[in-house]
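Peer 1: coords please:
(2 chains)
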There are 2 protein chains.
Amino acid sequence: MTYAAPMKDIRFALEHAAGLWRLKEGFPDLDGGVLEAVLEGGAALAGDVLAPLNTAGDRQGLKLVDDRVVTPGGFDQAYAQFQEGGWQGLSADAGFGGQGLPKAVALAVHEMLQGANMAFALCPMLTLGAIEALSAHGSESQRRDVLPHLVSGAWTGTMNLTEPQAGSDVGALTTKAIPLGDGHYALHGQKIFITWGEHDLARNIAHLVLARLPDAPAGSRGVSLFLALRNSVEANGVIGARNGVRCIGLEHKLGIHASPTCTMAFEGARASLVGAPNQGLAAMFTMMNSARLNVGLQGVALAEAAYQKALSFAKDRRQGRAEGQTSAGPAAIIAHADVRRMLLGMKARIAAARAICYETAVLADLARCAPNPEGRAAAKAREDLLTPIAKAWSTDMGVEATSTGIQVHGGVGFVEDGGAAQFYRDARIAPIYEGTNGIQAIDLVGRKISADGGEAMRALIAEGHQIGAQARGAGADALAGLGARLEAGCAALAHATDFIVAQNRVDRRAMLAGAVPYLQLAGDVIGGLLLAKSGLSAAGTDQRQNGAVRAVYAETVLARAPALVPAIELGAAALFEQSFADFEA
Amino acid sequence: MTYAAPMKDIRFALEHAAGLWRLKEGFPDLDGGVLEAVLEGGAALAGDVLAPLNTAGDRQGLKLVDDRVVTPGGFDQAYAQFQEGGWQGLSADAGFGGQGLPKAVALAVHEMLQGANMAFALCPMLTLGAIEALSAHGSESQRRDVLPHLVSGAWTGTMNLTEPQAGSDVGALTTKAIPLGDGHYALHGQKIFITWGEHDLARNIAHLVLARLPDAPAGSRGVSLFLALRNSVEANGVIGARNGVRCIGLEHKLGIHASPTCTMAFEGARASLVGAPNQGLAAMFTMMNSARLNVGLQGVALAEAAYQKALSFAKDRRQGRAEGQTSAGPAAIIAHADVRRMLLGMKARIAAARAICYETAVLADLARCAPNPEGRAAAKAREDLLTPIAKAWSTDMGVEATSTGIQVHGGVGFVEDGGAAQFYRDARIAPIYEGTNGIQAIDLVGRKISADGGEAMRALIAEGHQIGAQARGAGADALAGLGARLEAGCAALAHATDFIVAQNRVDRRAMLAGAVPYLQLAGDVIGGLLLAKSGLSAAGTDQRQNGAVRAVYAETVLARAPALVPAIELGAAALFEQSFADFEA
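Peer 2: Residues are numbered from 1 along each chain as shown, chains lettered A, B, ... in the order given. Okay, the predicted model is just below:
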């Protein structure tokens, strides 16, 4: 089988976990019918057009012919269908040709495309980033001349940040922008790891590039953002000559083989400044939240695809006799307790991660569109808090779930023809790019928690206690068990938050040493909070996240969460007392 | 850098965790000098000969030309060096040309070869299995005619178990053995996933094949073991004509690209019966413990290789400024707390898994060679108990550690040229083959724990409490912290063991539902036990597993172990109440 978009689970997460209808005031045209129509259209594109190309794209990969990148067979027709459907512009401004829907709804389609074909879907994901950057920081002419083409999908966008010596530390970049005297600049330098930096799917590419002006201060305060089109555009709109930027190499990667990861040479590429000089990093940061959430949802999408594949295999594959089996012949392996444990373990974690991601998306919409400024500020604070968790927790989960997906398949899982292996390879990039998960954790403890002394987190914990108590009172249902585990998790998270806040003043190295397990604890607890919340919200209706998912999440994830506190409190001494030279073989 | 065998860590694990010198009575010729010489020789073979071929072998892969398998360039010379050094026969009987060393010492070399080049090292690993099977069950003529060639490495061996419909359930196999009337049999059938089933490294291949006699009962009680040589051998020892067995396909796999995974067609291959008719599965089981331990050590070896690569990268790669840094310029990333957390997390888990594996190996030697029968029986009981844990816990750790190894590399980790990705791909098979880790857990709870009502485990737990108390009294050292965590872990393991023993009578599905987390808890605790034991044993000497490793293991692994109890006690109801049809998209 190929991927089928999990319509009902996505809608359940949007409505019952993330409270989508909080957006009604900001998006009066949105209703259940519109939502259903968009999700159905996205599901058709994902399932019918993109999913069938996923395996072939992985095997065929990409070719660099001179400085042209040749995409796998069928990608061009699929992109044409994507473009014709107007899918790129779902959440873009109507003034530039978009449909003005909430990000949360656009993200639901994004999840489907990623689950169907992550390598392909990275291209629109990068374009979306370019749309957001130009919408927020572009000049009137940049927006007028470029945004409509990006929003329609006629052109695609890229982000050119990384250089060999400048990865996690973007401020170390050296690409130069030389003023040409006519208000434009010539870019000189080399960028690496540029996703969809060059390809044959669209007529033009809008490169957003971080570079330094001649008089720029050192470090991150001297970085500016530029826009360079791959091809110039004549006054009549005709696509003109190539600009001084080209792809000079493609990475040979573990996964996402059909997504070109380009080394880009800027050799005097003509560019215009986006936003103010030396404010490039700030401009990048305004869209960082969005990009990080998109990557988090890739973890959800890959885990879902792996789950579907494993579930289908477990129903078909017959092996051994199940405990208590009365029928003759071998059992479908889904009848074995350990196979069910694996499948429901995946399902429960996916449900939690999906809830976290859509909650973050709805908050992002509220941060822009809530009716009053207090509501916008509160939503923004929580969006900022949740974003690194959505990114890191979901992508770690994606790696774990795709690994479990292989395990369900047994030997077939290790064979590339089995189809499970590709998810495992593709999923491994998500904890790395758009800020490694270690960087996300540092952002969480060093910026988000430290900036307000833990206030936003404590507000969330208070809600968790409240929901936990409500769920605990829900009777004999597994929701009650989840509620009890949630309250214990909230207590541990409160304790750990105090530790992080204190260490920020006392011993920042100890704070940083505890950052990753702290983020894990926060994700475990917030995932449980949202599962409990959705259970309460959906009481009496069709229950998608039912007893099994709640029980498995409560007993196998949330029950272990408080035991992360010792890892959080490990401190720096244990990590730094040891010279690694002592460990040499 | 390429792999360098971790001589000191291996020797520390052998001597201080596994108590190698308990074998002195059974192996009077073994002393520190012999041990050092063997380890040094193995390290040279691994580091100088095999490691340099690892990346190239992965990229080049294998070719099937007609029914011949062409191995990657350099593999033939490397195999010749392996053979000339007598490495295949380290632990084999001197009567057949072996060196009669303990298995534990041979396994130390095995770890080195696996760490250097897992794809290559699988070939000797399979040969070792064939040596053990024929040593234990072969007729006098089978042993005389075949064992010397296997022990010298002139021939290699295989295990032909799996068929498309018979994976975890070997008893479902259908390959037929037709009596030829001259005491031999003709094998007819197809086997899949046969590691090193065909290749060009050695002059002949001894296939051990599970098949059914014409009158055999159904299921696993009707399976017999056969020996079929790829080529006949003339009376004068000259290698003769090909037998009726050939490779008809190679799997395209996620990893171990240089290890041929063959589909073997048996088309009337002439074979002889090994052991008694219909006792094939029992014969396989006698060597199963050994094979499973070997696979467990692959997890250790791959994790070690990934650790070395990540450590080397973290020392070289400069990025960002570290907290408290006073020097100018970017810091080596090993100065960042989170990178140290990752590296020491790998180091600590590797140390624990290595200790479990070598402890199991020494027990296997004691089970054969302890001076008195009580000692042999006690060692055997504990070897049986530890084997599934050594296999599953170490290989799960191998997957996790190789994933962390990628993460330390950042973007470079996702690029195949970076070298970290191959370990991640190669390591993924180990939780699957030689009995999936789910099967190991079922073996642990359903056979090992249930057979003696938990007695062997309780004896181990009692020792754990004793060592925990001793370590706790060791003063301010991290050993004291490890001791306290160990005692808590032992209490949880005792509780969980009671649960498993009880469920075996009450609700076997609940027992099976808790099997995998139970095995994880047992591994977490036993790993801690052996780290504490080695710390006490090595007090006052060169401390390889020092404070950092102990603290990280205690606070990040052992501290979380008791929280596995809810997952163990989850029960079957939560897993089986739900129809998976309800989850359809």
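
Peer 1: can you give me the strands in chain A?
Peer 2: Assigned by DSSP state E, chain A shows strands spanning A:63-65, A:68-70, A:155-160, A:176-179, A:185-195, A:204-211, A:224-229, A:231-233, A:239-242, A:245-250, A:261-274.

Peer 1: partners of the second one in the sheet?
Peer 2: Which is strand A:68-70. Looking at strand A:68-70 with DSSP bridges, its partner strands are strand A:63-65 (antiparallel).

Peer 1: Contacts for the partner strand, please.
Peer 2: By CB atoms under 8 Å, 6 or more residues apart in numbering or on different chains, the surrounding residues in contact with strand A:63-65 are A:69-70, A:247, A:249-250. C-beta coordinates here come from the backbone N, C-alpha and C atoms, glycine included.

Peer 1: just the buried members of those?
Peer 2: Among these, the ones that count as buried by 16 or more other CB atoms under 10 Å in any protein chain shown are A:69-70, A:247, A:250.

Peer 1: Grab the two from the residues you listed that are most spread out in space.
Peer 2: Using CB to CB, the buried ones among the contacts of strand A:63-65 reach their maximum pairwise distance at A:V70 and A:C247, which is 11.3 Å.

Peer 1: ok, back up a step: got the contacts of strand A:63-65 as JSON lines, with pLDDT columns?
Peer 2: What follows is the contacts of strand A:63-65, written out as JSON lines (pLDDT from 0 to 100):
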{"residue": "A:V69", "pLDDT": "98"}
{"residue": "A:V70", "pLDDT": "98"}
{"residue": "A:C247", "pLDDT": "98"}
{"residue": "A:G249", "pLDDT": "98"}
{"residue": "A:L250", "pLDDT": "98"}
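
Peer 1: Could you count how many residues lie near A:S537?
Peer 2: 14 (other CB atoms under 10 Å in any protein chain shown).

Peer 1: what bits of chain A have low per-residue confidence?
Peer 2: Low-confidence segments of chain A, defined by pLDDT under 70: A:1, A:476, A:542-545, A:584-585.

Peer 1: Tell me the one of the contacts of strand A:63-65 nearest A:H184?
Peer 2: A:C247 (22.3 Å).

Peer 1: I'd guessed the closest one sits against A:T261; true?
Peer 2: No - if you go by CB atoms under 8 Å, A:C247 and A:T261 don't touch, sitting 10.0 Å apart.

Peer 1: Between the two, which contacts overlap?
Peer 2: Shared contacts of A:C247 and A:T261 (CB under 8 Å, 6+ apart): A:G197.

Peer 1: thought A:Q88 was touching A:V151?
Peer 2: Yes - with contacts counted by CB under 8 Å, A:Q88 reaches A:V151, the gap being 6.2 Å.

Peer 1: who touches the closest residue to A:L530 other than its chain neighbours in this structure?
Peer 2: In this structure, A:L530 finds its nearest non-sequential neighbour in A:A355, 3.7 Å apart by CB to CB, 6 or more residues apart in numbering or on different chains. Counting by CB under 8 Å, 6+ apart, A:A355 touches A:13, A:17-18, A:527, A:530-531, A:534.

Peer 1: and what of A:W393?
Peer 2: Residues in contact with A:W393, defined by CB under 8 Å, 6+ apart, are A:296, A:353, A:356, A:519-520, A:522-524, A:527.

Peer 1: residues from the stretch 101-250 of chain A in reach of chain B?
Peer 2: The stretch 101-250 of chain A comes close to chain B at residues A:162, A:165, A:167-169, A:172, A:192-193, as judged by CB under 8 Å from any CB of the partner chain.

Peer 1: Can I get these in a markdown table including distance to B:L128 and neighbour count?
Peer 2: Compiled in a markdown table, those are given as follows (distance: CB to CB, whole Å; neighbours: other CB atoms under 10 Å in any protein chain shown):
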| residue | distance to B:L128 | neighbour count |
| --- | --- | --- |
| A:T162 | 46 | 19 |
| A:Q165 | 47 | 14 |
| A:G167 | 43 | 24 |
| A:S168 | 44 | 20 |
| A:D169 | 48 | 18 |
| A:A172 | 50 | 20 |
| A:I192 | 44 | 22 |
| A:F193 | 43 | 26 |
